[in-house]
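Undergrad: Got a predicted structure plus its sequence, pasted below:
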Amino acid sequence: MNGRTDRKIALVGGGSVRSPLVVFGVNDAAQALGASEMVLYDPDPARLQVMVDLGQAIVRRFGGELRLRGATSIEDTIEGADFVLNSIRIGGIAGRAADERVAIEHGYPGQETTGPAGVAMGLRTIPIAIEQARLVEKLAPDAWLVNFTNPAGLITQAVNDHSKVRMVGICDTPTELFHNIARALGEPFGDVECDYVGLNHLGWVRSVRVRGVEVIDTLLDDDALLRSLYLAPLFDTAMIRTLRLIPTEYLFFYYERRRALANQRRQGGSRGAEISKLNDELFATLRSRLAAGQGDEAVDIYAAYLNQRSGSYMKLEAEGGSAFDHGVSLEGDPFRVATGYHRIAIDVMSALTGAKPAPIVVNTRNRGAVPDLPDADVVETLCDISLDRIEPRKLAPLPDAVAGLVRSVKAYERAAIASVLEGSRLGERKAMLIHPAIGEWGPTGELLDALLGHANEDGECLCHGPVR
């Protein structure tokens, strides 16, 4: 560590319900990060104020000296920052719910980062993410841009291709699976090494070593152990054994599409719709408690929300359950968990400051790590991260069972990015055609009209224009 104690950390998208969790993480690790100030920005000032007030209550509750404030402009937020965290959702959670509903109505599972809803999210977000990255280039040229924004792999690819900012994409899904594997084996997490390969929300574990000894067969041969890796019953254990690869949970939307859709239709909604309702209830309660000066009570309510949200994850899609079912909430302290949204961010930033170098799975340029893919492709892979350095570890070629899927998704990402920069509706339809979770031409026009609005007579999308 270089001894700095004056780092500024910015969070764009500070009105997100995850923001206070990140505030907790930054405050808790402020000494290692050398952080003195955290600034939040969101285009919705009312939501932002609630999250800032709750964040300040969290700092008081857990102790610390982190200065936290909200900003009225994105420029003020970014200027002079050492780290810029980007966690935006164009259209908000209501937009996610609407996208997922459209996908379900058209016969596809509704999920925010895959399938038609994921395409819509990506197309809306790409131009904004590039614009914000260029602001970071201008106002904080030495900063690291840490991308939470989904679809994380696609957005990291677009920004890497079209800006000069130093960027890393993060997701807690791989690390969560690694911890679940260690727990299933009854081994300390530090003694377990997982060989992970893939893209964001499209990754697999193909080797598990405990103190250097390969033990993946111990997992593959035990149905109970395999089922314990997931919060909900996602995959047939026979499929996992046949692949000899342990998939992350988002592969459910490729490997079990019909089951996901059937459960969503039976339940009558989607995860996005449930989260929208949870969020509305949360904000109404937080506003009331914070206005009454009940900061500790607000923190407790927020912790209960996090446990309900995490405990119900994938229940709807996998078994037709609901976030409002009795007994779905997790127990324990969501702030102090070993994994999660805030932990991966703090681990990456702590490594990049040189305070705590570590091997971490992140989204970054391939640079030869996956020999099957071009160096400039963004992949999700284990990297050695240290002071201002991210070095992906070299991997064996992609397994035959998943190589085609990975290449198809990368081809989709390239087509989607190009379509946005060109403002081409036909290009967007091409991206949908390439996407392996869609893969048909006929429905693409109707899907895009339902998701993004109609095209003009020249085939150009009316919802956005080219990024200059």
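TA: Cool, the structure landed.
Undergrad: C-alpha only now, for contacts and for neighbours.
TA: Noted.
Undergrad: Sticking with residue 128, tell me its helix or strand.
TA: helix 115-139 (DSSP states H and E).
Undergrad: Any buried residues in that helix, and which?
TA: Within helix 115-139, the residues that count as buried by 16 or more other Cα atoms under 10 Å are 115-137, 139.
Undergrad: what residue ranges in the stretch 301-450 of the chain score low on pLDDT?
TA: Nowhere does the stretch 301-450 of the chain drop to pLDDT under 70.
Undergrad: hey, where'd the strands end up in it?
TA: 358-365, 378-386, 389-392 (DSSP state E, counting those that start in this stretch).
Undergrad: and the shortest one, what does it pack onto?
TA: The contact analysis (3 or more Cα pairs under 8 Å, 6 or more residues apart in numbering; DSSP states H and E) places strand 389-392 against strand 378-386.
Undergrad: can you pull out the helices in the stretch 51-200 of the chain?
TA: 74-78, 92-105, 115-139, 152-162, 173-185 (DSSP state H, counting those that start in this stretch).
Undergrad: Residue 442 is nearest to which of the ones you listed?
TA: Closest of the helices of the stretch 51-200 of the chain to residue 442 is helix 115-139, at 13.4 Å (criterion: Cα to Cα).
Undergrad: For that closest one, give the mean pLDDT please.
TA: Helix 115-139 shows a mean pLDDT of 98.
Undergrad: Quick check: which helices or strands does the helix holding residue 128 pack against?
TA: Against helix 115-139 (3+ Cα pairs under 8 Å, 6+ apart) you get helix 74-78, helix 92-105, helix 152-162, helix 400-422, helix 442-452.
Undergrad: could you dump the shortest one to PDB, C-alpha only?
TA: Coordinates of each C-alpha in helix 74-78 appear next as PDB, following Å, rounded to 0.1, in the frame of the first residue of the first chain:
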ATOM      1  CA  ILE A  74     -22.400  13.200 -12.300                       C
ATOM      2  CA  GLU A  75     -19.400  15.500 -13.000                       C
ATOM      3  CA  ASP A  76     -19.100  16.400  -9.300                       C
ATOM      4  CA  THR A  77     -19.300  12.700  -8.500                       C
ATOM      5  CA  ILE A  78     -16.600  11.600 -10.800                       C
END
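Undergrad: so how far is that helix off the chain centroid?
TA: Offset of helix 74-78 from its chain centre (Cα atoms, centre = their mean, to the nearest Å): 22 Å.
Undergrad: Kindly report the same for stretch 60-67.
TA: 27 Å.
Undergrad: With stretch 32-40 instead?
TA: On Cα atoms, centre = their mean, the centre of stretch 32-40 falls 22 Å from that of its chain.
Undergrad: ok, and what's touching that stretch?
TA: When contacts are defined by Cα atoms under 8 Å, 6 or more residues apart in numbering, stretch 32-40 is touched by residues 1, 3-15, 23, 26, 30, 48, 52, 65-71, 77, 349-350, 353, 355-356.
Undergrad: Could I get the buried residue list for it?
TA: So for stretch 32-40, counting by 16+ other Cα under 10 Å, buried means 32-40.
Undergrad: For burial, what's the neighbour tally of residue 307?
TA: 18 (other Cα atoms under 10 Å).
Undergrad: Would you check that my belief about it contacting residue 323 is correct?
TA: No: with contact defined as Cα atoms under 8 Å, residue 307 does not count as touching residue 323 (10.3 Å).
Undergrad: Endpoints of stretch 385-396, how far apart?
TA: 20 Å (Cα to Cα, to the nearest Å).
Undergrad: i'd like the first residue to be 57 from this point on
TA: Fine by me, first position is 57 from now on; the one you just mentioned is stretch 441-452.
Undergrad: hmm, back to that, kindly reformat the helices and strands packed on helix 171-195 as a markdown table and extend each row with mean neighbour count and distance to residue 429.
TA: Formatted as a markdown table, these follow (neighbours: other Cα atoms under 10 Å; distance: least, Cα to Cα, whole Å):
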| stretch | mean neighbour count | distance to residue 429 |
| --- | --- | --- |
| helix 130-134 | 21 | 33 |
| helix 148-161 | 22 | 30 |
| helix 208-218 | 24 | 13 |
| helix 456-478 | 18 | 8 |
| helix 498-508 | 17 | 27 |
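Undergrad: Need those in a markdown table (columns: distance to residue 419).
TA: Output for those, formatted as a markdown table (distance: least, Cα to Cα, whole Å):
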| stretch | distance to residue 419 |
| --- | --- |
| helix 130-134 | 22 |
| helix 148-161 | 23 |
| helix 208-218 | 6 |
| helix 456-478 | 13 |
| helix 498-508 | 27 |
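Undergrad: To residue 335, which of those lies closest?
TA: Nearest of the helices and strands packed on helix 171-195 (Cα to Cα): helix 148-161, 8.6 Å.
Undergrad: So which residues make contact with stretch 273-280?
TA: So stretch 273-280 is contacted by 241, 281-282, 293, 296-297, 300 (Cα under 8 Å, 6+ apart).
Undergrad: rerun at 10 Å
TA: 237, 240-241, 263-264, 281-283, 285, 292-294, 296-302 (Cα atoms under 10 Å, 6 or more residues apart in numbering).
Undergrad: So which of those sit within strands?
TA: 263-264, 302 (DSSP state E).
Undergrad: okay, the residues you listed in a markdown table with neighbour count next?
TA: Formatted as a markdown table, these follow (neighbours: other Cα atoms under 10 Å):
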| residue | neighbour count |
| --- | --- |
| 263 | 17 |
| 264 | 23 |
| 302 | 26 |
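Undergrad: Out of the residues you listed, which is nearest to residue 334?
TA: Closest to residue 334, out of all of these and judged by Cα to Cα, is residue 302, at 31.3 Å.
Undergrad: Give the bridge partners for that closest one, please.
TA: In this entry, residue 302 is beta-bridged to residue 261, by DSSP bridges.
Undergrad: So it versus residue 242, what's the distance?
TA: For residue 302, the distance to residue 242 - Cα to Cα - is 18 Å.
Undergrad: quick one on the thing from earlier: which residues do residue 363 and residue 379 both contact?
TA: Common neighbours of residue 363 and residue 379 (Cα under 10 Å, 6+ apart) are 369, 385.
Undergrad: could I get the strands of the stretch 357-506 of the chain as TSV with mean neighbour count?
TA: Output for those, formatted as TSV (neighbours: other Cα under 10 Å):
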stretch	mean neighbour count
strand 414-421	24
strand 434-442	25
strand 445-448	19
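Undergrad: Having no further points to raise, I will conclude here.
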